[in-house]
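Peer 1: have a look; sequence and predicted model below, questions after that.
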Amino acid sequence: MIPRARHLLAVCLLGAALTACGAAGGERPAPAASRVSAPPSPARPPVLAPGPGGLTPVFEHGPRTRGKTVALTFDADMTADEGPRAASGEHFDNPGLIDALRTLKVPATVFMTGRWADEYPAEAAALGHDPQFEVANHSWSHYAFTADCYGLPTVDADGMRADVQRAYESLRAAGVPHAMPYFRFPGGCYDQRALRALSGLGVTAVQWDVVSGDAFATDADAVVKQVLDGVKPGSVVVMHCTRSAAPTTERVVRTVVPELRERGYRFVKVSELIGQAGNGR
Ligand SMILES: [Zn+2]
């Protein structure tokens, strides 16, 4: 677990390069004008009940006994200071991966940073308007919400709520009409202080139980094996959607999806697992 954690950290550090999953082309109409094509507003998405004192609840995986479901999640990382890298041609998005998910008809949840949505608004909007996907919050800055998180710069406790809210504003401005009330901490790093800082926002923090190891991986087969070895009923798999920092992910998905289906798994979005969790509302 420690090597995996380090791996993940490294990923998040270079997170600037880790962009959200881009939608192919990004030729969708401007968000504000596309109300007509927006998916119907879903009934209130399920969330977990707050913890004691209103503490932000944390979700890691779905029920193990409700059938073979698995949620693939893709972090669309871009940090606040990575604009120059994008401007110089680094690709933080991964349209090929999104195309693969569409072709394979795999529902998926994308945890998008606000900075990424600012950089790729058309791709964000395309994802936000596609009912196959749900778009959730991965902070605006992709800075850490704890003191020690893979060397990421940190957000002050006073700035945590504002960072999450700014991300929702960026998603909305980009044209994501119904961002989910789910939040993934940058690097997956959180503590009681962070959970308290976000209390009252109504978000459920979403972690994972399977680390794909796709960040900075060059050996797709190793990532495939790690996913296939790790998935259990109700699992949440964390992957990334960026050509520059997770170059094997599309190939991994094209291999893992048919194999898991062969094993009887059905792909779902995180909201379905949270809804199954029993204390969903
Ligand atoms: Zn991240």
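Peer 2: Great, that's in hand.
Peer 1: what strand or helix carries Asp75?
Peer 2: Counting by DSSP states H and E, the element that carries Asp75 is strand 69-76.
Peer 1: other SSEs contacting that strand?
Peer 2: On a contact count with 3 or more CB pairs under 8 Å, 6 or more residues apart in numbering; DSSP states H and E, strand 69-76 meets strand 108-112, strand 235-240, helix 249-262, strand 266-267, helix 270-276. All C-beta spots, glycine's among them, are computed from the backbone N, C-alpha and C.
Peer 1: just the pLDDT for the spatially closest residue to Gly200 that is not a sequence neighbour.
Peer 2: The shortest distance from Gly200 to any non-neighbouring residue, by CB to CB, 6 or more residues apart in numbering, is to Gly54 (6.2 Å). pLDDT, Gly54: 93.
Peer 1: all further residue positions should be reported with the first residue as 717.
Peer 2: Sounds good: first residue 717 from here, last item Gly770.
Peer 1: for Asp809, see how far away Gly770 is.
Peer 2: 36 Å (CB to CB, to the nearest Å).
Peer 1: higher neighbour count, these two?
Peer 2: Asp809 (26 against 12; other CB atoms under 10 Å).
Peer 1: helix/strand/coil for the more buried one?
Peer 2: When classified by DSSP: H, G, I helix; E, B strand; the rest coil, Asp809 comes out as coil.
Peer 1: surely it touches Arg959?
Peer 2: Yes - if you go by CB atoms under 8 Å, Asp809 and Arg959 touch, sitting 7.1 Å apart.
Peer 1: returning to what we had before: moving C-terminal from the strand holding Asp791, which element do we reach first?
Peer 2: helix 799-803.
Peer 1: how far does stretch 928-939 sit from the chain's center?
Peer 2: With CA atoms, centre = their mean, to the nearest Å as the basis, stretch 928-939 stands 17 Å off its chain's centre.
Peer 1: do the same with stretch 982-996
Peer 2: Using CA atoms, centre = their mean, the offset of stretch 982-996 from its chain centre is 15 Å.
Peer 1: what sits up against that stretch?
Peer 2: Outside stretch 982-996, the residues within contact range by CB atoms under 8 Å, 6 or more residues apart in numbering are 761-765, 775, 777-779, 782-789, 822-825, 849-850, 852, 896, 898, 920, 922, 950, 952, 973, 976.
Peer 1: what about the helices in this protein?
Peer 2: 718-729, 799-803, 811-819, 830-835, 837-844, 873-890, 908-913, 936-946, 965-978, 986-992 (DSSP state H).
Peer 1: in this structure His849 contacts Leu843, no?
Peer 2: Let me fix one detail, which is that residue 849 is Phe and not His. Yes - between Phe849 and Leu843 a contact is recorded at 4.9 Å, counting by CB under 8 Å.
Peer 1: which neighbours do those two share?
Peer 2: Joint contacts of Phe849 and Leu843 (CB under 8 Å, 6+ apart) are Val826.
Peer 1: and these two? Which one has more around it.
Peer 2: Between Phe849 and Leu843, Leu843 has the larger neighbour count (other CB under 10 Å), namely 31 against 24.
Peer 1: dump the residue contacts of the residue lying closest to Leu813 once chain neighbours are set aside.
Peer 2: Nearest in space to Leu813, with sequence neighbours left out and distances taken as CB to CB, 6+ apart, is Glu966 at 4.4 Å. By CB under 8 Å, 6+ apart, the contact list for Glu966 reads Asn810, Gly812, Leu813, Ala816.
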